[in-house]
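**Q** Return a 3D structure for these sequence lines:
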Amino acid sequence: MIQLDEKIYFYLLSIIPVMVVIYVLLQIWKKRTQKKFATSDLLKRLSPSKSNFKSVLKLIFLIVGLSFLVLGLVNPKIGTKLETVKREGVDIVFAIDVSKSMLAEDIAPNRLEKSKRLVSEIINQLASDRIGIIAYAGQAFPQLPITTDYGAAKMFLQSMNTDMLSSQGTAINEAIELASTYFDDEEQTNRVLFIVSDGEDHSEGSTIDAVELAVDEGIRIFTIGVGKTKGSPIPIKRNGIVESLKKDSQGEVVITKLNEEILEEIADEGNGEYVNGSNTEDAVDFIKEQLNQMDKKEFEAKQFAEYKDQFQWFLGIGLLFLFLEVFLLDRKTQWLKRMNLFNEKEIH
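**A** Numbering: from 1, shown residues only. Here you go, the predicted model:
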């Protein structure tokens, strides 16, 4: 496994395209300036050993050298020892509503972004718990299987949007059924499902049935409500600008409201709690307290315990290329003349 210590140094690589642009502009300026004083044939007679290939090669050596020096500053490390460690935690699955109603802006910046922030803040409070992520709208889609990689979880979380699922609607029952397949450890004492939604549910009849089946499998269901009960229209944007508001088949503007009743009912039936997500800090603190009260299951996880620095190899290669660039002359060598890479005619 590779670990990068100082990723911020990657920004130094932005110097390379600037160097290439400066080199190209300089070559254009030199050719235009030379043409003012002599013809191309005369210039070849005056400097027959001048090599265009060598100047390009020097630039390549310089770029490669700088690239390796930057990699050296980043300090890549390679894991050399795989160790099995024991952790205690709870298996947690987040089912996040990505239906169009989550675009409503009754809670800033909108319901979906608020949901993502809530889940991200909850993840920040976790220590050894395993987490999984599900996206759902008209159907449920597995976004991230159970893992202890919180960095990957946040990456998948940020990529979620209302266009990722083609079927619209809100089928909470499908999210619950899919979440049940995430918990593959039969000995796990605590299995937790967080449903983050505005509570709109187009499968209300079968949702409670799904909750009951999940409870039978030992899953506790918590719900987090995102939005306002007074409701809000759903903006339709293009390039960040509101073009219109979503309308129904009769041409009326759709007003989507936070349905706390269904979320409370799901939480009650699921042996969990309903949390209003309007205040991020309060919601996260409450959820942290609930998780801390749960029994932790001990499980094993493999991870790299020892890493060895590899920066010296990259610095060495970088310095080598810079050394070659300095001592590489612009003049043609005899073997290069014989190769005649550019079909240059000898001038007598």
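**Q** Over to the residue nearest the centre of the chain. Which of the three states is it?
**A** By Cα atoms, centre = their mean, the chain has its centre lying nearest to M155, at 3.3 Å. Classification of M155 by DSSP: H, G, I helix; E, B strand; the rest coil places it in helix.
**Q** same question, L315
**A** Here L315 is helix, with the state taken from three-state DSSP.
**Q** Quick check: it vs E6, distance?
**A** 13 Å (Cβ to Cβ, to the nearest Å). No exception for glycine: its C-beta is placed from N, CA and C like everyone else's.
**Q** for Q34, same thing?
**A** 44 Å.
**Q** pLDDT weak spots in this protein?
**A** For the chain, the stretches flagged by pLDDT under 70 are 1, 37-52, 79-87, 185-189, 204-205, 298-307, 329-348.
**Q** Show me how the record splits it into domains.
**A** 2-75+310-339, 84-302 (automatic domain parsing).
**Q** among those, which is the most enclosed?
**A** domain 84-302 (a mean of 18; mean count of other Cβ atoms under 10 Å).
**Q** I131 in helix, strand or coil?
**A** Relying on three-state DSSP, one would call I131 strand.
**Q** Look up the residues forming beta bridges with it.
**A** Note on I131: beta-bridge partners by DSSP bridges are I92, T147.
**Q** how close does it sit to V90?
**A** Distance from I131 to V90, by Cβ to Cβ: 9 Å.
**Q** now swap in Q143 and tell me
**A** Where V90 is concerned, Q143 sits at a distance of 19 Å (Cβ to Cβ).
**Q** now swap in A127 and tell me
**A** Relative to V90, and taking Cβ to Cβ, A127 is found at 10 Å.
**Q** go on, I236?
**A** Counting by Cβ to Cβ, the gap from I236 to V90 is 40 Å.
**Q** With F53 instead?
**A** Separation of F53 from V90 (Cβ to Cβ): 64 Å.
**Q** same question, I134
**A** 17 Å.
**Q** so where do the strands sit in the stretch 101-250 of the chain?
**A** Listed in chain order, the strands of the stretch 101-250 of the chain (DSSP state E, counting those that start in this stretch) span 130-136, 140-147, 191-197, 219-225, 232-233, 235-238, 241-245.
**Q** What residues does A152 make contact with?
**A** L144 (Cβ atoms under 8 Å, 6 or more residues apart in numbering).
**Q** Kindly report the same for L103.
**A** The contact partners of L103, taken as Cβ under 8 Å, 6+ apart, are N110, R111, L112, T162, I234, P235.
**Q** how about CSV for the strands of the stretch 101-250 of the chain, with distance to S99 added?
**A** Putting those into CSV (distance: least, Cβ to Cβ, whole Å) gives the following:
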stretch, distance to S99
strand 130-136, 8
strand 140-147, 11
strand 191-197, 8
strand 219-225, 14
strand 232-233, 14
strand 235-238, 14
strand 241-245, 16
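**Q** just so I know, which of those lies nearest N271?
**A** N271 sits nearest to strand 219-225 of all the strands of the stretch 101-250 of the chain, at 5.0 Å, using Cβ to Cβ.
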